[in-house]
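> have a look at this prediction, sequence included:
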Amino acid sequence: DVIFVADSNLSTLADLRYKKWGQAEDGHPGRGKQMTGRSGEDWRIKVPVGTLVKDAETGDLLVDLKEPFQEFVAVRGGRGGQGNARFKSSTNRAPRQFQKGEPGEQRHLVLELKLLADVGIIGFPNAGKSTLISKISHARPKIGDYPFTTLIPQLGVVEMEDFFSFVAADIPGLIEGAHRGKGLGIQFLKHTERTRLLLHLLDFSSDRDPLNDYHTLQKELECFSRDLYDKPQILVPTKMDDPRARERFSELESRLKRLNPDVVPISSVTGDGVQELLWDIKKR
C-alpha cells in the first residue's frame with residue numbers, strides 16, 4: 001500500500017516537489033516447499049500536519065491530515081497469485097494451472113499544504129514579520145532588507161508563562177493582487193485560513209503609507225475569502241525603534257484605532273511592545 005503519514009516535524013512539502021511518481025515495493029515470488037512469497041513493503045510517505053490529499057482528476061478532497069501520526073491509505077496494493085500446488089488434488093497430482101496475482105491500484109494525487117497555526121502574521125514585504133517571529137519563538141527565518149526574503153511560511157512555537165503556548169506562522173508574499181496570484185500571494189493566503197487570529201504588521205518607518213497598506217491588504221483578504229477577512233486582527237505598527245516611525249505613529253494613531261481599536265506598536269529589535277502584544281494574543 002501507499003500510505004501518507006502526518007509528521008509534526010515537517011513544515012513543507014519541499015521533499016516531494018520533484019517526485020512526480022512512485023510505487024510501493026512489489027511482492028516476492030513463493031519458494032519451494034509450497035511457501036508463500038513475502039509481501040511487498042508499504043511505501044509510507046511523511047507529510048506535514050495540515051496536508052490535504054486530493055484526487056488530481058476530480059479535485060475531490062480525499063483526506064485532511066490534521067493530526068500528528070494520522071495515516072491515510074491512498075492506494076491499495078495488489079493481491080498475490082497462487083501457485084500450482086494450490087490446485088493439487090487426489091485426482092490431479094501434478095497440476096499445471098496457476099492463478100496470476102492482481103495488480104495494485106494506480107492513482108494521480110495532488111498534495112496541498114495548509115499550515116496549522118493559531119496566529120497568522122501578515123503584512124507587506126519588509127513589514128517585520130520574520131523579525132517578529134524570530135523574536136518571540138525559536139524560528140529562524142532568513143531576514144533581509146529586500147522584498148520576498150521569506151519564500152516559504154515559517155512556523156514558530158511561542159511559549160509563555162503558565163504553560164500557555166501557541167503556534168505562529170509568518171505568511172510571506174502578500175502584496176496588492178495577491179488573491180489573483182500576484183507576487184507569492186495566493187499560494188500562501190490559504191495558510192491563514194486555519195488561524196484563529198491575524199497579526200497585521202504595518203511598517204511605519206518606510207516611505208509607504210501604512211493606512212493605504214492596511215486597506216490594500218484588507219481588500220486582498222476579503223477577495224480571497226470572506227471568512228478570512230472576518231477573522232479577528234491585531235494591528236501591529238512596527239519598527240518603533242526608528243524615530244520617524246514613532247513620529248508617524250503619533251500622527252496616525254487615532255485614525256488607525258478607528259479602523260481597529262486593537263493596536264499594539266512594537267519594535268522587534270529592542271523588544272518594546274512585544275510582551276504587551278503577547279499578552280493581548282493570550283487574552284484572545
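Received the coordinates, thanks.
> report the central residue of the chain.
Taking CA atoms, centre = their mean as the criterion, residue 115 is the residue nearest the geometric centre of the chain, at 2.6 Å.
> name the nearest residue to that one, ignoring sequence neighbours.
Leaving aside its chain neighbours, residue 115 sits nearest to residue 191 (4.4 Å; criterion: CB to CB, 6 or more residues apart in numbering). All C-beta atoms are positioned from the backbone trio N, CA, C, and that covers glycine.
> quick one, strands of the stretch 51-200 of the chain?
With strands called from DSSP state E, counting those that start in this stretch, the stretch 51-200 of the chain shows them at 51-55, 61-65, 71-75, 109-113, 119-123, 154-159, 165-170, 197-203.
> most tightly packed of the ones you listed?
Each of the strands of the stretch 51-200 of the chain was scored by mean neighbour count; the highest is strand 119-123, a mean of 26, by mean count of other CB atoms under 10 Å.
> average pLDDT for it?
Mean per-residue pLDDT for strand 119-123: 93.
> mind listing what it pairs with, with the direction of each?
Next to strand 119-123 in the sheet, as set by DSSP bridges, lie strand 165-170 (parallel), strand 197-203 (parallel).
> any idea which of those strands scores lowest on pLDDT?
Lowest mean pLDDT within these: strand 165-170, at a mean of 89.
> restricting to C-alpha, output it in CSV.
The C-alpha trace of strand 165-170 is given here as CSV (Å, rounded to 0.1, in the frame of the first residue of the first chain):
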residue,chain,number,x,y,z
SER,A,165,1.8,28.4,24.2
PHE,A,166,0.6,28.9,20.6
VAL,A,167,1.9,28.4,17.1
ALA,A,168,2.6,31.4,14.9
ALA,A,169,3.0,31.4,11.2
ASP,A,170,5.0,34.1,9.2
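> show me the domain layout of this protein.
1-113, 119-283 (automatic domain parsing).
> quick check on the residue nearest to residue 265 when sequence neighbours are not counted: phi, psi?
Once flanking residues are discounted, residue 265 sits nearest to residue 237: 4.3 Å by CB to CB, 6+ apart. Dihedral pair for residue 237: phi -60, psi 130, per degrees, to the nearest 10.
> check residue 11 too.
Backbone geometry at residue 11, expressed as degrees, to the nearest 10, gives phi -130, psi -10.
> gap between it and residue 136?
Residue 11 sits 17 Å away from residue 136, going by CB to CB, to the nearest Å.
> more neighbours, those two?
residue 136 (24 against 18; other CB atoms under 10 Å).
> check what pLDDT the more buried one gets.
If you check residue 136, the pLDDT there is 93.
> surely it meets residue 159?
No - using CB atoms under 8 Å, residue 136 is not in contact with residue 159, being 9.2 Å away.
> now the strands paired with strand 119-123 as CSV including distance to residue 44?
As requested, these are exported to CSV (distance: least, CB to CB, whole Å):
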stretch, distance to residue 44
strand 165-170, 25
strand 197-203, 34
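> let me see the contact set for the residue nearest to residue 225 when sequence neighbours are not counted.
Nearest in space to residue 225, with sequence neighbours left out and distances taken as CB to CB, 6+ apart, is residue 193 at 6.5 Å. By CB atoms under 8 Å, 6 or more residues apart in numbering, the contact set of residue 193 is 114, 225, 227-228.
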